[in-house]
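Q: just the structure for this:
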Amino acid sequence: MQEWYHYPLLILVGFVVGFINTLAGGGSLLSLPVLIFLGLPPSVANGTNRVAIIIQTAMATAGFKSKGVSTFPFNIYLGIAAFLGSIIGAYIAVDIPAELFNRILAIVMISVVLIIIFGPKLNNQHQNERLTGKYLWVGIVVFFFFGIYGGFINAGLGFLMLLFLHYVNHMTLVRANATKVAIVFIYMLSALAVFVLNDKVNWKIGLILAVGNGTGAWVASRFSVRKGDGFIKTFLVVVVVAMAVRLWFFV
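A: Numbering: from 1, shown residues only. Just a heads-up that it's a prediction; the model follows:
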């Protein structure tokens, strides 16, 4: 990654990823393949991407908070569960063979596309939230396993988190997104620590990507979730299919 144009490209990709991740999810389905295509080994690309996600989710959380949207302490409870699961997932990720990682990423991409196309439709209809009692405990257990997946690869998890928070906890999309980004920030700290300890992070590339991620997240978090959602999903489907084919057939 010595070409000068790689760096503005990373910032641009980061902006798109930060915007998509904050409004919906699946942005890592773009950034991970880009990092791999630009020459990083898959495990290093996976670890480097975590740097940008931490900055992105910090900016998104701040953006939502500036608009008065917060689900504290519910987001902390789920975040701690995911934090513990993420340690397990990250240790799996640092040892996985590069070719197997690429194939898994391609399968994840197609799976997320199918969920976007055929999954239940999200809406912003107000319902009474369910954040305590059995719904809290179910969330803690589910987000522990979400954390394992998040520590392993993370790609596409945001969309699944939105579905869970919306249908199980009855959150609007705005509050579900605010909860999601706070949880991701918490569990990404433990995942990044594992990658750093195993020397799987390119800090220069990660921080350049983070400039775009953080900016995109700040902009997206201050918009209504409904704005641009249809366009983002269509764009994501087209790009994800193309990248999945590239990863599967040309590893």
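
Q: Gln127 reaches His170, doesn't it?
A: Yes: under the criterion of C-beta atoms under 8 Å, Gln127 lies in contact with His170, with a separation of 4.0 Å. In short, each C-beta sits where N, CA and C put it, glycine included.

Q: more crowded one of the two?
A: Ranked by neighbour count (other C-beta atoms under 10 Å), Gln127 and His170 place His170 first, with 17 against 12.

Q: what strand or helix carries that one?
A: His170 belongs to no helix or strand when assigned by DSSP states H and E.

Q: identify the residues contacting it.
A: Contacts here follow C-beta atoms under 8 Å, 6 or more residues apart in numbering; on that basis His170 touches Gln127, Asn128, Glu129, Arg130.

Q: quick one: mean pLDDT over stretch 142-155.
A: Stretch 142-155 comes out with an average pLDDT of 92.

Q: give me the distance from that stretch to the chain's centre.
A: Between the centre of stretch 142-155 and the centre of its chain there are 10 Å (C-alpha atoms, centre = their mean, to the nearest Å).

Q: same thing with stretch 155-163?
A: Stretch 155-163 sits 7 Å away from the centroid of its parent chain (C-alpha atoms, centre = their mean).

Q: helices along the stretch 1-150 of the chain, start to end?
A: Counting by DSSP state H, counting those that start in this stretch, residue ranges of the helices within the stretch 1-150 of the chain are 6-23, 28-37, 42-66, 74-95, 98-118, 134-152.

Q: leaving out chain neighbours, which residue sits closest to His166?
A: Once its chain neighbours are removed from consideration, His166 has its nearest residue in Ala176; the separation is 5.2 Å (C-beta to C-beta, 6 or more residues apart in numbering).

Q: separation between that neighbour and Phe118?
A: Going from Ala176 to Phe118 by C-beta to C-beta, to the nearest Å gives 20 Å.

Q: same thing with Asn49?
A: Using C-beta to C-beta, we find Asn49 at a distance of 27 Å from Phe118.

Q: higher neighbour count, those two?
A: Comparing Asn49 with Phe118 by other C-beta under 10 Å, the one with more neighbours is Asn49, at 32 against 7.

Q: does that one really touch Ser31, like I thought?
A: Yes: counting by C-beta under 8 Å, Asn49 does reach Ser31; the two are 5.5 Å apart.

Q: show me the shaky parts of the stretch 1-150 of the chain.
A: The model of the stretch 1-150 of the chain has pLDDT under 70 over residues 1-2, 116-117, 119-126.

Q: quick check: closest non-adjacent residue to the most centrally placed residue in the chain.
A: By C-alpha atoms, centre = their mean, the mean C-alpha position of the chain lies nearest to Gly158, the distance being 5.1 Å. Once its chain neighbours are removed from consideration, Gly158 has its nearest residue in Gly25; the separation is 2.3 Å (C-beta to C-beta, 6+ apart).

Q: how far away is that neighbour from Trp203?
A: From Gly25 over to Trp203 the distance is 25 Å, taken as C-beta to C-beta.

Q: so which of these two has more stuff around it?
A: Residue environment comparison for Gly25 versus Trp203 gives the larger neighbour count to Gly25, 27 against 12, counting by other C-beta under 10 Å.

Q: that one touches Gly156, doesn't it?
A: Yes: look at Gly25 against Gly156 with C-beta under 8 Å: they come within range, at 6.6 Å.

Q: could you find the closest non-adjacent residue to Ala45?
A: With C-beta to C-beta, 6+ apart as the criterion, Ala45 has its nearest non-adjacent residue at 3.7 Å, and that residue is Leu35.
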